[in-house]
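Chemist: would you be able to build a 3D model of this:
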Amino acid sequence: MPQESGAPGVEMPAERAGLSLRAFLIGLVLCVFLGLALDYNEMAIRGSILHWYFIDRGALFVFLCLVLMINPLLTLLRRRWSLRRGELLAVYVMLLLLQPASATVRPLIAYLTGASYYASPERRDLQAVLPHVFPWMIPQGTEVVRAFYEGLPEGAPLPWEAWIVPLVSWGTFLMVLFGVLICFAVLMRKQWEEHERFAFPLMQVPLAMGERGEGNVSPLFRNSLMWAGFAIPLFIGSLKALHQYFHTVPEISLWTQFWVFRRTTPVPVRLSFAILGYTYLVNLDVSLSIWLFNVISRVIRGIMAITGLEHTALYGVAGVVGPYSSQGSALLAFMGMGYMLALAAYSLYVARGHLGDVFATALGRPSRLDDSREIIPYRTALAGIAGGLLYLGCWLYQAGISPPLIFFLFFTCFVVFLVMARIVSETGFVATYSPMDPPSEFVVCLAGSSAFSPAGLVTFGFSYGWTLTRSNTVMGHALGALRLAGGIRRKQGLIYAVGAALLIGLMASSYVTLKLGYTRGGLNLDRFFRDYSVLPFDAFVGGRILEPSPIFFKGFLYTGIGAGIAGVLMVLRTRFVWWPLHPVALPLSTTAYTALFFQRIPGLGHQGAGVEVWRGSALQKDPPFFHGDHFGGGGLCGRVDHRGLFYGDVQKYSLCRVIHKSSAICDDSQDCRWKVVRMQPSTFRDRQMDLGASFTCGFYLHRG
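Modeler: Coordinates of the predicted model:
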């Protein structure tokens, strides 16, 4: 187990047992760097994905450099300059919470501008949206939006003034929302960490990295098993990365796909070393349940496909829910929400004693709880929740949503965010998101679009930016950060450090996204601006404004079936000790990332055999080999993207594809040729590739 701050044998000055001024300043600098690098990597370099759901490769790579290079160097220069364990964990807490804040900005900017850019007489659904948008929610001026998607002429100034009002209005909304979610996490931390003993698998790696050893280097990095686990994904990933630069280098593919049920249902299979390592730390029953329930979900999809009970093409829309909600399946999406509601009720029921003590402590009554170990007192957390919800409610009311619907939306989002945080904290599955994604679709389907004003319906479309659980993972990350904060003795001021990290994430991502969009053209940079910027409006909002949708009564039935199934599993789980299936895995059964579940088979194998083979060894308590699996992927991503940052020759391979897709919306071929010129290559090899891409793109334009 990691040695606690101040343990015997470790010199730990009191002023360095937690967040210090220098740790705060170092955290700010690293947050600015990471905040700028995340979006630049995604949009300009197009390198490895540094943040994906709950895989925080960017934060882990920066923390790895801090622990393995910077801190030992400070120790060599002067021992008292080195960062202690509590300071290191405080820095990682800041990096950890910066990433989900940064991840919400780019999709939100795409949604704010997509309808304005793509609206045309042929797209009546998008034109129906524009008259009902409040001016303080989006940038004003068609030229401002067009220049963001296509790029400004050389030397033209960026229209920052057009973005001040929408960025401030949405920025304050997001900061208050993040604060409310962190306050909820504070209320649930003790229940899940100390009473229910969740494993928090995703936090085991940074906790092991924060240990102190000889030379101020963690003992984890002196373990040969860790480096063995590190070498395997590093070698395979390096071959894949080199193959992108030099096609003569062979590539080892870790992904395949086969079809079942008369070739109607694809079953992708992918190996992720990070998830394979996390599986070792997860309870065996949970791993079995995740795999088994996903197989059952695939069987249901196949039966519906061959019988025609519900027509859903791959990533298509069934007409009720969007493509993000269980891949367009209304049945599985609403059943998934039933699972969510049952798990939320179960979580609150189990925590009823703890929550009663929380309210007693907040009101100054005698209780068994001591909130001195929390980053904020329970009274402050409850006040923050009440004040934050009041502000968010007033904001949404001004945006055209009625109070009953605001309450329904808050309730649905609370259920989804609570259960997602529980799943991640208990299982460590990194691709966790809601079966009904975003949860706002659940509100519209069950209330009917006729219950909304047109402006309120448009605001619900913009709510994709903060309710889409694929990007808003703040509560799950906050629970992980609070788990890390348990290793920090002095937590005073940590909440301000967290707030600063969230603000830096929003500001840095906004700056990089707008800067690159106006200088290079958003269409040339990111898939959000090409493929997804009108997603909330083409089917979800625009069609319902033109033709209001009634209440989807089948949704109540499907939700009830899902809640009933989850309830039965909960009863069996609590009544019979031998029952192996865990209901927490049910919401994961409807997600799109089926490929990741099949590696639970080897995960189950090494979980079951590992305790027997390595019984009594260090692997049983702290598996460094599987930590190395995760380091290998994170270290490789940072190294490859570092190369791309300085050489700038990663994005050339997608140049032709981007220009070809852009040509579908160009007025003429001259406009598309202008976009090609905007993509300036940065090396001689890039210029050669650019020449070939230009010829290929010209061929496609000629065909068009």
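Chemist: correct me, but Asp437 touches Thr473?
Modeler: No - here Asp437 lies out of contact with Thr473, judged by Cβ atoms under 8 Å, at a distance of 11.9 Å. (Each C-beta comes from the backbone N, C-alpha and C, glycine too.)
Chemist: name the residues contacting each of those two.
Modeler: Common neighbours of Asp437 and Thr473, using Cβ atoms under 8 Å, 6 or more residues apart in numbering, do not exist here.
Chemist: for Glu426, see how far away the residue found closest to Ala199 once you drop the neighbours it is linked to in the chain is.
Modeler: For Ala199, ignoring the flanking residues on the chain, the nearest one in space by Cβ to Cβ, 6 or more residues apart in numbering is Leu281 at 5.6 Å. Here Leu281 is placed at a distance of 11 Å from Glu426 (Cβ to Cβ, to the nearest Å).
Chemist: joint contacts of those two?
Modeler: In terms of Cβ under 8 Å, 6+ apart, Leu281 and Glu426 are both contacted by the residues Ala199.
Chemist: against Leu38, how distant is Ser48?
Modeler: For Ser48 relative to Leu38 (Cβ to Cβ), the value is 11 Å.
Chemist: show me the contacts for the closest residue to Gly384 other than its chain neighbours.
Modeler: Excluding its sequence neighbours, the residue lying closest to Gly384 (Cβ to Cβ, 6+ apart) is Cys183, at 4.2 Å. Counting by Cβ under 8 Å, 6+ apart, Cys183 makes contact with 376, 380-382, 384-385, 388.
Chemist: and Ala119, by the same measure?
Modeler: Ala119 makes contacts with 126-127, 129-130, as judged by Cβ under 8 Å, 6+ apart.
Chemist: tabulate those in JSON lines, adding columns for distance to Ser253.
Modeler: Listed next are these as JSON lines, based on distance: Cβ to Cβ, whole Å:
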{"residue": "Leu126", "distance to Ser253": "39"}
{"residue": "Gln127", "distance to Ser253": "44"}
{"residue": "Val129", "distance to Ser253": "42"}
{"residue": "Leu130", "distance to Ser253": "45"}
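Chemist: how near is Ala147 to Leu158?
Modeler: Distance from Ala147 to Leu158, by Cβ to Cβ: 9 Å.
Chemist: which of the two has more residues huddled nearby?
Modeler: Ala147 (20 against 16; other Cβ atoms under 10 Å).
Chemist: so that one belongs to a helix, correct?
Modeler: Yes - Ala147: assigned to a helix according to DSSP: H, G, I helix; E, B strand; the rest coil.
Chemist: neighbours of the closest residue to it other than its chain neighbours, how many?
Modeler: Distances taken as Cβ to Cβ, 6+ apart put Tyr518 closest to Ala147, at 5.9 Å, once the chain neighbours are dropped. Look at Tyr518: counted by other Cβ under 10 Å, it has 21 neighbours.
Chemist: and Tyr518, what element?
Modeler: If you go by DSSP states H and E, Tyr518 is part of helix 494-520.
Chemist: all strands of the chain, in order?
Modeler: In the chain, the segments counted as strands under DSSP state E are 255-260, 265-270.
Chemist: now what about the first one, what contacts it?
Modeler: Contact partners of strand 255-260, identified using Cβ under 8 Å, 6+ apart, comprise 265-271, 298, 302, 595.
Chemist: about what we covered before: common neighbours of Ala147 and Leu158, please.
Modeler: When contacts are counted by Cβ under 8 Å, 6+ apart, the set common to Ala147 and Leu158 consists of Tyr518.
Chemist: follow-up on the earlier one: closest to Ile232 out of the contacts of Ala119?
Modeler: Leu126 (48.1 Å; Cβ to Cβ).
Chemist: roughly how far apart are the closest one and Thr513?
Modeler: 22 Å.
Chemist: so the two - more neighbours on which side?
Modeler: When Leu126 and Thr513 are compared on other Cβ under 10 Å, the one with more neighbours turns out to be Thr513, at 27 against 20.
Chemist: contacting residues around that one?
Modeler: Contact analysis of Thr513 by Cβ under 8 Å, 6+ apart lists 39, 43, 105-106, 109.
Chemist: ok, now Lys190?
Modeler: Residues counted as contacts of Lys190 (Cβ under 8 Å, 6+ apart) are 354, 369, 374.
Chemist: just the C-alphas of stretch 409-417, formatted as CSV.
Modeler: The C-alpha trace of stretch 409-417 is given here as CSV (Å, rounded to 0.1, in the frame of the first residue of the first chain):
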residue,chain,number,x,y,z
LEU,A,409,-33.9,17.7,-16.4
PHE,A,410,-32.0,18.2,-13.2
PHE,A,411,-33.4,14.9,-11.8
THR,A,412,-32.4,12.9,-14.9
CYS,A,413,-28.9,14.4,-15.0
PHE,A,414,-28.4,13.7,-11.3
VAL,A,415,-29.4,10.1,-11.7
VAL,A,416,-27.1,9.6,-14.7
PHE,A,417,-24.0,11.4,-13.3
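Chemist: any buried residues in the helix holding Tyr518, and which?
Modeler: Going by neighbour count (16 or more other Cβ atoms under 10 Å), the buried part of helix 494-520 is 494-495, 497-518, 520.
Chemist: re earlier: could you dump the contacts of Thr513 into CSV with neighbour count, distance to Ile565 and pLDDT added?
Modeler: Output for those, formatted as CSV (neighbours: other Cβ atoms under 10 Å; distance: Cβ to Cβ, whole Å; pLDDT from 0 to 100):
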residue, neighbour count, distance to Ile565, pLDDT
Asp39, 25, 41, 89
Met43, 23, 42, 86
Val105, 28, 37, 93
Arg106, 25, 36, 91
Ile109, 28, 39, 93
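Chemist: quick check: Leu396 touching Thr459?
Modeler: Yes - the pair Leu396 and Thr459 passes the contact test of Cβ under 8 Å, sitting 6.7 Å apart.
Chemist: and the next helix or strand past the helix holding Tyr518?
Modeler: Counting by DSSP H and E, what follows helix 494-520 is helix 527.
Chemist: quick one: mean pLDDT over that next one.
Modeler: For helix 527, mean pLDDT is 81.
Chemist: so what touches the helix or strand that comes right after that helix?
Modeler: Downstream of helix 527, the next assigned helix or strand under DSSP H and E is helix 535. Outside of helix 535, the residues within contact range by Cβ under 8 Å, 6+ apart are 111, 114, 322-324, 464.
Chemist: please redo it, this time with the cut-off set to 10 Å
Modeler: Helix 535 has contacts (Cβ atoms under 10 Å, 6 or more residues apart in numbering) with 107, 110-111, 114, 322-324, 461, 464, 468, 528, 541.
Chemist: which of those residues lies closest to Arg189?
Modeler: Closest to Arg189 out of the contacts of helix 535 is Leu468 (24.8 Å), distances taken as Cβ to Cβ.
Chemist: okay then, goodbye and thanks.
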